[in-house]
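# Okay, here's the prediction I keep looking at, along with the sequence it came from:
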Amino acid sequence: MEKHRCQWCLGDALYEAYHDQEWGVPVYDDATLFEFLILETFQAGLSWITILRKRENFRAAFDNFDYKKIALYQEVKFDSLLQDAGIIRNKLKIKATITNAQAFMKVQNEFGSFSKYIWAFVDGKPIKNSRKNIQDLPATTSVSDTLSKDLKKRGFKFVGSTVIYAHMQAIGMVNDHEIGCFRYHEV
C-alpha cells in the first residue's frame, strides 16, 4: 500500500527520501544544525529541491560543513568557491556562510552549544502543528520572527524569518507534516 506523504515532496525520489528520512526529525547535533543552516542560507530565493540536488557538492566544497574550518576561510578559498559550478555561486551567500560559521561558534561559546541556544526558542521540544495540506503552511511565525531577529543581532546573515522558519521545519523544531502524512506521528 502506498504511504501518504506531504504534498510538497511528491513525484521526486530525492525529495521523497528527504521527506521520509530527515524533514521534521528533531536535530540536536550542532554539526547537523550548521549544515541545515547553511543549506537554508543558500536556498533563499531558490527552490529546496535545487539545493537538495547540490547537497553533496556543497558538502565537498565546504569541508563537510565543518564550521571550524569554514570560519577560517581566506580569500583563496572564497575565490575557489566562486568558481565551483557544483554549488550556488553567490558571493553574498558564500560570505554569509563564513560569517555564520564565526557567529555560530560565538553562540556555542555563550550557550554551551548552538543546539541549546536554538531549541530554547521552543522550550526544548518540537511544536506539533496540525496542517491539513501545503496551503496551511505559513512562511513565517512569531517564533521564527523572534529567532531571526536574535540571529541577526548576533551577526548571522541570510537569516530572515522565512529562511528561519524553513530551518525550523527541517530540523524538527516544528512538526509541519500534514496530519494525514505517515511521518506526522513518527516525528
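That came through, no problem.
# And the residue nearest to Trp8 when sequence neighbours are not counted, how far from Val143?
Distance criterion Cβ to Cβ, 6 or more residues apart in numbering; nearest residue to Trp8, sequence neighbours excluded, is Ile134 at 5.2 Å. To be clear about C-beta, it is placed using only N, CA and C from the backbone, and glycine gets the same treatment. Distance, Ile134 to Val143, by Cβ to Cβ, to the nearest Å: 20 Å.
# Looking at the two, which has the bigger crowd around it?
Neighbour comparison, Ile134 and Val143: the larger count goes to Val143, with 17 against 13 (by other Cβ atoms under 10 Å).
# right, and that one touches Trp119 too?
No: checked against Cβ atoms under 8 Å, the pair Val143 and Trp119 is beyond contact range at 11.5 Å.
# between these two, what contacts are shared?
Here Val143 and Trp119 have Met173 as joint contacts, going by Cβ atoms under 8 Å, 6 or more residues apart in numbering.
# Contact partners for Leu37?
Asn100, Phe104, Val159, His167 are the contacts of Leu37 under Cβ under 8 Å, 6+ apart.
# Secondary structure element holding it?
Applying DSSP states H and E as the criterion places Leu37 in helix 30-43.
# Show me which residues of the helix or strand following that helix are buried.
Toward the C-terminus, helix 30-43 is succeeded by helix 48-53 as the next helix or strand (DSSP H and E). For helix 48-53, the neighbour count (16 or more other Cβ atoms under 10 Å) marks Trp48, Ile51, Leu52 as buried.
# The second one is in contact with Phe36, isn't it?
No: Ile51 is beyond contact range of Phe36, at 10.4 Å (criterion: Cβ under 8 Å).
# This completes my enquiry, with thanks.
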